[in-house]
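**Student:** What follows is a predicted structure for the sequence shown.
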Amino acid sequence: MLTDYHLHLRPDEEETTAERYFTAENVERYLEAAAAAGIEELGVSEHVYRFRQALDLWRHPLWVENAHDDIDAYCDFVRGTPLRLGVECDYVPGAEERTAALLEARDFDYVVGSVHFVGDRAVDHEGFDVWDGSGGDPDEIWRRYFEALAECARSGLFDILAHPDLVKVWGRARPLPERELRAFYEPAVEAIVESGIAVEISTAGLRKPVGELYPAPAFAAMCAEAGAPFALSSDAHLPEQVGFGYERALELLERLGVGEICVFEGRQRRLVPVGGRVAQG
Ligand SMILES: [Zn+2]
Ligand SMILES: [Zn+2]
């Protein structure tokens, strides 16, 4: 079985309206791409901040700019397609109860939990870049990012922990911490194991300046050794990105001795053997 659960029906630009992208024709393009890649389980997880209801959780300027759509209309639309229904929801410290209320009021198959921000600065968005104005101390940025990731896991709000070392997204364009990376991973792995959340193997990093999978092999190995379950996704924002780079993800799982991945329905998780035909790309 191969899955692609963390995916978006549209690019992140603001003009990518629901009217244009939440259509049967667009879903058909994703289903065709999944079939060609041998992916049997396909789900969609739109960014929570594109929905008006997300402003109950946080009023960050990026969210205020993007919160145009109605989350219930999205859920109704996806339920009319063969896709599993998910959402990519940021962990917003202090908004745990409001986040739980938003998620529990809808019948998601799974929720992908993300950390994109350290405080109100983004690790992966140049408009609100954490690397400007913070003194840019990599040890401090990495420490705060992984602290937020651990809190995200421990919150118990989410089923899948998205792109677990997103802080590395810019690759060589930003400095690495002086401390060993293992020191940042360790507390996150502890939180992951305690919470039971599934760790996402995301091929999105292969398309980004860093050019590697999330999580890095050493981080993934620590998760595997600690017995964490894994989920497999591309974080596609276009049909042609469905299953992107899966041969690399499968190689990593095999190297780690991980033979099963998670599938989700109604926020219940099952482990199934991983594998199948993978498109080259
Ligand atoms: Zn994300
Ligand atoms: Zn995403």
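**Tutor:** Here it is on my side, so go on. Numbers count the residues shown, from 1 in each chain. Ligands and ions are numbered 1, 2, ... in the order given.
**Student:** contacts, neighbours, all on C-alpha from now
**Tutor:** Will do.
**Student:** Could you check how far Trp63 is from Phe128?
**Tutor:** Trp63 sits at a distance of 12 Å from Phe128 (criterion: CA to CA, to the nearest Å).
**Student:** How about Thr17?
**Tutor:** Taken as CA to CA, the span from Thr17 to Phe128 is 22 Å.
**Student:** likewise Tyr74?
**Tutor:** 27 Å.
**Student:** Check what pLDDT the residue positioned nearest the centre of the chain gets.
**Tutor:** The residue lying closest to the centre of the chain (CA atoms, centre = their mean) is Ala162, at 3.0 Å. Note on Ala162: pLDDT of 98.
**Student:** All the strands of the stretch 101-250 of the chain, in order from the start?
**Tutor:** Along the stretch 101-250 of the chain, counting by DSSP state E, counting those that start in this stretch, strands occupy 110-114, 117-118, 121-122, 160-161, 198-202, 230-233.
**Student:** Quick one: those strands as JSON lines, columns for distance to Pro187 and mean neighbour count too.
**Tutor:** Shown next, in JSON lines, are the strands of the stretch 101-250 of the chain (distance: least, CA to CA, whole Å; neighbours: other CA atoms under 10 Å):
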{"stretch": "strand 110-114", "distance to Pro187": "17", "mean neighbour count": "25"}
{"stretch": "strand 117-118", "distance to Pro187": "17", "mean neighbour count": "22"}
{"stretch": "strand 121-122", "distance to Pro187": "21", "mean neighbour count": "19"}
{"stretch": "strand 160-161", "distance to Pro187": "15", "mean neighbour count": "26"}
{"stretch": "strand 198-202", "distance to Pro187": "14", "mean neighbour count": "27"}
{"stretch": "strand 230-233", "distance to Pro187": "18", "mean neighbour count": "26"}
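**Student:** Including distance to Ala218, could the ones you listed go into TSV?
**Tutor:** Conversion of the strands of the stretch 101-250 of the chain to TSV gives the following (distance: least, CA to CA, whole Å):
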stretch	distance to Ala218
strand 110-114	20
strand 117-118	23
strand 121-122	24
strand 160-161	17
strand 198-202	13
strand 230-233	15
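**Student:** Of all the helix elements in this protein, which one is longest?
**Tutor:** helix 138-154 (DSSP state H).
**Student:** mind checking how far the nearest residue to Leu206 once chain neighbours are set aside is from Gly171?
**Tutor:** Closest residue in space to Leu206, ignoring its immediate chain neighbours: Glu212 at 4.6 Å, by CA to CA, 6 or more residues apart in numbering. Glu212 sits 9 Å away from Gly171, going by CA to CA.
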